[in-house]
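Enquirer: What follows is a protein structure lacking sequence information:
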């Protein structure tokens with residue numbers, strides 16, 4: 001029988017109460033088999049964060065529920081199945097998934113979408129990935145590339161939905177300008193987009209008029225105001241520098257540091273929660289930022305020594321982002337203030353890194369991260385903070401544009 005429709009919940013005051021019964025899309029089709037998947041040859045796009053409620057990897061759980069003979073191929077996104085590879089064009093090779101003896105194709109290799117040969121034996125492609133709610137996290141673009149490839153190959157797509165860890169009521173950042181598209185942004189969405197993978201899949205199909213048969217299995221027990229802790233599940237890192245739920249909270253802004261010569265804390269145990277470099281005056285920077293009165297965060301002067309990546313082995317002076325109220329904290333806006341303050345305090349010592357970055361060889365990384373050149377130009381010009389506020393605000397028509405794709409009200 002078909003998977004029942006997801007119950008509709010009204011937005012609560014902050015999503016702090018645990019749901020009476022939460023299930024991901026994967027959990028639901030393990031509990032109640034999906035007729036469209038039964039007896040069909042299918043592939044699965046997943047990684048180590050694609051777990052069932054009982055802690056079984058999606059590939060093993062689906063093979064057991066729907067017969068190992070029907071799961072004929074597997075696909076992994078950036079960082080590989082096990083999250084071994086670091087960021088920025090560090091590719092993963094094709095391999096074999098030993099527990100099931102099936103091919104494992106990397107979709108972050110010479111190509112970032114499945115080839116016709118990879119899809120030739122499939123009657124359906126299943127996608128089960130944990131997103132982090134930020135435009136530049138490449139899992140959503142891998143999904144878009146799969147939708148496009150499956151449209152050409154006439155292969156139906158089944159998306160098993162998972163929560164947006166940041167909830168689904170707040171967006172941050174201006175819409176990406178089309179001329180700044182890259183693999184960290186292939187469509188005009190804000191930095192913090194507020195959608196789930198299933199909702200984005202629906203929106204992609206509509207926006208690009210993709211001729212693909214798409215079915216989304218929604219979660220049950222998830223409300224738009226719910227953050228990841230409200231789901232009652234353990235966080236499993238979907239990539240090597242996303243070790244905790246706290247990381248997802250600071251990531252929409254913290255990721256901008258990848259376009260600068262400041263360390264974003266890679267090579268520490270708290271990436272994106274700290275930032276710094278040897279040239280920063282940590283006391284002056286913390287004082288300046290705390291004086292701004294940004295909501296939901298305190299800036300604590302700190303030092304750290306990265307074990308790899310930028311400033312490896314050197315003592316970096318900077319700040320720790322002490323998030324005191326995750327519901328009020330605005331990560332993207334806060335990072336614009338941070339970059340502005342570093343420029344004001346240290347001038348040209350703050351540098352914008354050159355390309356290549358995520359397969360873009362011409363445009364500056366900071367520009368494809370922010371979705372345009374406005375942020376860089378404003379900070380270099382010594383803008384007023386009111387301009388930073390405007391650059392961190394999402395156009396009102398974003399929610400209107402995606403309204404018909406929302407699965408949870």
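Expert: Thanks, I have it. In this text the structure is predicted, and so the values were computed from the model without any measurement. Residues are numbered from 1 along each chain as shown.

Enquirer: where does residue 80 land on pLDDT?
Expert: Listed pLDDT for residue 80 reads 87.

Enquirer: swap in residue 11?
Expert: As predicted, residue 11 sits at a pLDDT of 25.

Enquirer: repeat for residue 348
Expert: Looking at residue 348, its pLDDT is 97.

Enquirer: Around it, how many other residues sit close by?
Expert: For residue 348, the count of nearby residues is 7 (other CB atoms under 10 Å). Quick note: C-beta positions are derived from backbone N, CA and C, even for glycine.

Enquirer: do the one 4 residues further on as well
Expert: Residue 352 is surrounded by 15 other residues when neighbours are defined as other CB under 10 Å.

Enquirer: Am I right that it is in contact with residue 364?
Expert: Yes. Using CB atoms under 8 Å, residue 352 is in contact with residue 364, at 5.5 Å.

Enquirer: what touches both of those two?
Expert: 259, 376 (CB atoms under 8 Å, 6 or more residues apart in numbering).

Enquirer: Who are the packing partners of the helix or strand of the chain with the lowest mean pLDDT?
Expert: Every helix and strand in the chain was compared by mean pLDDT, DSSP states H and E; the lowest is strand 95-97, with a mean of 93. Applying 3 or more CB pairs under 8 Å, 6 or more residues apart in numbering; DSSP states H and E, we find strand 95-97 packed against strand 102-106.

Enquirer: for whatever helix or strand comes next after the strand it packs on, the distance to its chain's centre please.
Expert: Next helix or strand after strand 102-106 toward the C-terminus (DSSP states H and E): helix 116-119. On the basis of CA atoms, centre = their mean, to the nearest Å, helix 116-119 sits 26 Å off its chain's mean C-alpha point.

Enquirer: any residues touching helix 116-119, and which ones?
Expert: 43, 73, 75, 105, 125, 149, 150, 152, 153, 155.

Enquirer: Mind listing the residues bridging to the fourth one?
Expert: Read it as residue 105. Counting by DSSP bridges, residue 105 forms beta bridges with residue 75.

Enquirer: Can you get me a residue count around it?
Expert: 22.

Enquirer: which residues does it contact?
Expert: 73, 74, 75, 76, 94, 114, 118.

Enquirer: rewinding a little: so for the least confident helix or strand of the chain, what gets flagged as buried?
Expert: For strand 95-97, burial by neighbour count (16 or more other CB atoms under 10 Å) applies to residue 97.

Enquirer: can you check stretch 217-232 too?
Expert: The neighbour-count check on stretch 217-232 (16+ other CB under 10 Å) flags 217-228, 230-231 as buried.

Enquirer: so how far is stretch 37-50 off the chain centroid?
Expert: Offset of stretch 37-50 from its chain centre (CA atoms, centre = their mean): 20 Å.

Enquirer: again, but for stretch 107-120
Expert: Offset of stretch 107-120 from its chain centre (CA atoms, centre = their mean): 21 Å.

Enquirer: for the record, mean pLDDT for it?
Expert: Stretch 107-120 shows an average pLDDT of 94 in the prediction.

Enquirer: Stretch 259-266 now?
Expert: Averaged across stretch 259-266, the pLDDT comes to 98.

Enquirer: Number of residues surrounding the nearest residue to residue 359 once chain neighbours are set aside?
Expert: Closest residue to residue 359 apart from its sequence neighbours, by CB to CB, 6 or more residues apart in numbering: residue 183 at 5.4 Å. Neighbours of residue 183 under the rule other CB under 10 Å: 19.

Enquirer: cool, the one 5 residues further on as well?
Expert: Around residue 188 there are 18 other residues, counting by other CB under 10 Å.

Enquirer: Would you confirm that it contacts residue 174?
Expert: No. At 9.4 Å, residue 188 does not count as touching residue 174 under the criterion of CB under 8 Å.

Enquirer: Identify the contacts common to these two.
Expert: residue 371.

Enquirer: Model confidence score at the closest residue to residue 246 other than its chain neighbours, please.
Expert: Once flanking residues are discounted, residue 246 sits nearest to residue 273: 6.5 Å by CB to CB, 6+ apart. The model reports residue 273 with a pLDDT of 98.

Enquirer: if I pick residue 273, what's in contact with it?
Expert: Per CB under 8 Å, 6+ apart, neighbours of residue 273: 246, 247, 250, 254, 265, 320, 321.

Enquirer: Looking at neighbours, which among these is most surrounded?
Expert: Neighbour max across the contacts of residue 273 (other CB under 10 Å) = residue 321, 30 neighbours.

Enquirer: So what touches whichever strand or helix holds that residue?
Expert: Using DSSP H and E, the element containing residue 321 is strand 316-323. Strand 316-323 has contacts (CB under 8 Å, 6+ apart) with 246, 249-250, 254, 262-263, 270, 273-282, 285-286, 289, 296-306, 329, 334, 338.

Enquirer: Please flag which of the residues you listed sit within helices.
Expert: 246, 249, 250, 254, 282, 285, 286, 289, 334, 338 (DSSP state H).

Enquirer: so where do the strands sit in this protein?
Expert: Secondary structure of the chain (DSSP state E): strands located at 42-45, 71-76, 95-97, 102-106, 124-127, 157-160, 214-217, 274-277, 297-304, 316-323.

Enquirer: ranking these by mean pLDDT, which is last?
Expert: Lowest mean pLDDT within the strands of the chain: strand 95-97, a mean of 93.

Enquirer: That one pairs with which strands?
Expert: strand 102-106 (antiparallel).

Enquirer: Touching, residue 43 and residue 75? I think so.
Expert: Yes. Using CB under 8 Å, residue 43 makes contact with residue 75 at a distance of 6.2 Å.

Enquirer: Right, I'll call it a day here.
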